[in-house]
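Engineer: Mind looking at a prediction? Sequence and model below.
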Amino acid sequence: MTTPVEPEETARERGLTVPGYRRDHEVHPPLDFSGYKSTALRHPKRALTLLPHMLTEITSPVLGEDRIGELDNDLTRQHDGEPQGQRIIVHGRVLDSDGRPVPNTLVEIWQANAGGRYRHVNDNWPCPLDPNFTGVGRTMTDAEGRYRFTTIQPGAYPWKNHDNAWRPAHIHFSLFGRAFTQRLVTQMYFPGDPLFFQDPMWNSIPDPAARERLVARFDYAATVPEWALAYEWDIVLRGREETPFETEVDDD
Amino acid sequence: MPDTTPSQTVGPYLHIGLPWPDGPFAVEEGTSGGIWIRGTLYDGAGQPVTDGLIETWQADPDGRFDHPDDPRGAVRRPGFRGFGRCPTDAHGAYGIFTLKPGPLPGPRGPQAPHIDVSVFARGMLHRVVTRIYFPEEQTANAADPVLCAVSDPAVRATLIADATDDGYRFDIRLQGENETAFFDI
Ligand SMILES: [Fe+3]
């Protein structure tokens, strides 16, 4: 349904309608997922109220290069020595669901070391920390929405969710996009991981095709001889709805 | 057209990747007129959530954004980022230092001053979103289109912060009694 277009003056006095972002609920995991035990007490039980997209929802912080240090996109060079493990390049594009690149947006990552251990006080599984690996990276996408990290292949790690539970190897990603509605935190996985079948994070995504969108592609063309294997992973954020001013006025 | 990428949890180790040293400061530390928004994140058993992350996004005191998609034009206010990010501590508490936002135009009249909030945590496969409103804005709140869409007064009350000595208190309850009103964004 559309509203008739008002003369500009009246519209300005009475209000301001802005184009929103398309909703994509069917893509995301439910907040209540019995396979992931910690969701039990951490999901709202009341139905969500629809929030129409207005000025606060279609804007977001414009974060600049000043948030990024010189070596923030190279997790192998943040210490005096090199970290243990297989050196990899992870690169790709941030797009919206209209296929448009999302330029100049902050991409943040964190991950376990080659043995699957995080540099975190609560991670104490019996695998050594690597003195040369912090596991944190940041970069901005370029004008074409491209990002690129150099890091090491993270290891799988055990957790206590179910009997013999192991997380498939993954890298945590956090993205802003250009609007509050586009904010996304997710995880990138590696092709052919044998641990997917028992992983509730993976299985929580209702559509099997959507799960596959979390898996990077091994990229032989971008693999650097005698240096690093490459993986390519594109991240797709929500695209725009048509603007109300571009739609036809209803006659009924 | 490509389909969107699904969300996944921040997991238990979000603290190594997400907090920023200046994260809680949506406006520069020491800015006059600054307010602290403090609160605790609770789970459905009433226990504090100690591995969560709160993010806030808001207009400046004039109701403006430094963003190209605002049709009124981008307005940059020195020292003001408008975005706050704070992990919850060992007591489930967070704090954001900011300026009170001004009212904003909405599609059918003004919106009351508000702050958009995202909550991330271990055990949450996707963020949840809520809004903070201000207790002294009764008239504006009564006409706000989002508050008005929450019909149950008890539920609506979960969106209004409490005034404190240095700003406001806004607790977030993910589930259970007085569960916070969350939005389909
Ligand atoms: Fe992890």
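Structural biologist: Perfect, I can see it now. Everything numeric in this text was worked out from a predicted model, so none of it was measured.
Engineer: can you give me the offset of stretch B:31-41 from its chain's centre?
Structural biologist: Relative to its parent chain, stretch B:31-41 has a centroid offset of 11 Å by CA atoms, centre = their mean, to the nearest Å.
Engineer: Please disregard the earlier target; I meant stretch B:117-137.
Structural biologist: Relative to its chain's centre, stretch B:117-137 lies at 6 Å (CA atoms, centre = their mean).
Engineer: bridging residues for the residue in the stretch 51-200 of chain A that chain B sits nearest to?
Structural biologist: Nearest to chain B in the stretch 51-200 of chain A, going by CB to the nearest CB, is residue A:110, at a distance of 2.7 Å. For glycine as for every other residue, the C-beta is placed from the backbone atoms N, C-alpha and C. Going by DSSP bridges, residue A:110 is paired in beta bridges with residue A:136, residue A:172.
Engineer: so it sits right up against residue A:187, yeah?
Structural biologist: No - the pair residue A:110 / residue A:187 is not scored as a contact, 10.2 Å apart, by CB atoms under 8 Å.
Engineer: neighbour-wise, which of these two wins?
Structural biologist: More crowded of residue A:110 and residue A:187, by other CB atoms under 10 Å in any protein chain shown: residue A:110, with 26 against 22.
Engineer: mind listing what the more buried one touches?
Structural biologist: A:118, A:135-137, A:171-172, B:13-14, B:16-18 (CB atoms under 8 Å, 6 or more residues apart in numbering or on different chains).
Engineer: what do you get if the cut-off is 6 Å, keeping everything else the same?
Structural biologist: Under the criterion of CB atoms under 6 Å, 6 or more residues apart in numbering or on different chains, the neighbours of residue A:110 are A:135-136, A:172, B:16-17.
Engineer: Rebuild those residues as TSV, extending it with pLDDT and neighbour count.
Structural biologist: Below are these laid out as TSV (pLDDT from 0 to 100; neighbours: other CB atoms under 10 Å in any protein chain shown):
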residue	pLDDT	neighbour count
A:135	98	26
A:136	98	18
A:172	98	26
B:16	94	18
B:17	95	25
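Engineer: Need the residues you listed in a markdown table (columns: distance to residue B:42).
Structural biologist: Compiled in a markdown table, those are given as follows (distance: CB to CB, whole Å):
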| residue | distance to residue B:42 |
| --- | --- |
| A:135 | 30 |
| A:136 | 28 |
| A:172 | 24 |
| B:16 | 24 |
| B:17 | 24 |
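Engineer: could you pull out the helices for chain B?
Structural biologist: With DSSP state H as the definition, chain B shows helices at residue ranges B:14-17, B:138-143, B:145-149, B:153-157.
Engineer: Now do the helices for the stretch 101-250 of chain A: every range, in order, please.
Structural biologist: For the stretch 101-250 of chain A, the helices defined by DSSP state H, counting those that start in this stretch occupy A:200-203, A:208-212.
Engineer: Which among the ones you listed is found nearest to residue B:166?
Structural biologist: Of all the helices of the stretch 101-250 of chain A, helix A:200-203 sits nearest to residue B:166, with 38.9 Å by CB to CB.
Engineer: For residue B:175, see how far away the residue most central in space within chain B is.
Structural biologist: In chain B, the residue lying closest to the centroid (CA atoms, centre = their mean) is residue B:117, at 2.7 Å. As judged by CB to CB, to the nearest Å, residue B:117 and residue B:175 stand 16 Å apart.
Engineer: what's the answer for residue B:99, then?
Structural biologist: 31 Å.
Engineer: how far does stretch A:102-120 stretch from start to finish?
Structural biologist: End-to-end distance for stretch A:102-120: 32 Å, by CA to CA, to the nearest Å.
Engineer: List the buried residues of that stretch.
Structural biologist: Across stretch A:102-120, burial judged by 16 or more other CB atoms under 10 Å in any protein chain shown covers A:102, A:105-120.
Engineer: now swap in stretch B:85-97 and tell me
Structural biologist: For stretch B:85-97, burial by neighbour count (16+ other CB under 10 Å) applies to B:85-88, B:92-97.
Engineer: Widest-spaced pair of those?
Structural biologist: Among those, B:92 and B:97 lie farthest apart (CB to CB), at 18.7 Å.
Engineer: mind listing the strands for chain B?
Structural biologist: B:35-42, B:52-58, B:83-87, B:93-98, B:104-106, B:109-111, B:114-121, B:128-133, B:162-163, B:167-169, B:172-173, B:183-184 (DSSP state E).
Engineer: and the last one, is it in reach of chain A?
Structural biologist: Same thing as strand B:183-184. Yes - Strand B:183-184 is in contact with chain A by CB under 6 Å from any CB of the partner chain, via B:183-184.
Engineer: what does that strand contact?
Structural biologist: Against strand B:183-184 from outside (CB under 6 Å, 6+ apart): A:48-51, B:129.
Engineer: nearest to residue A:191, of those residues?
Structural biologist: residue B:129 (32.6 Å).
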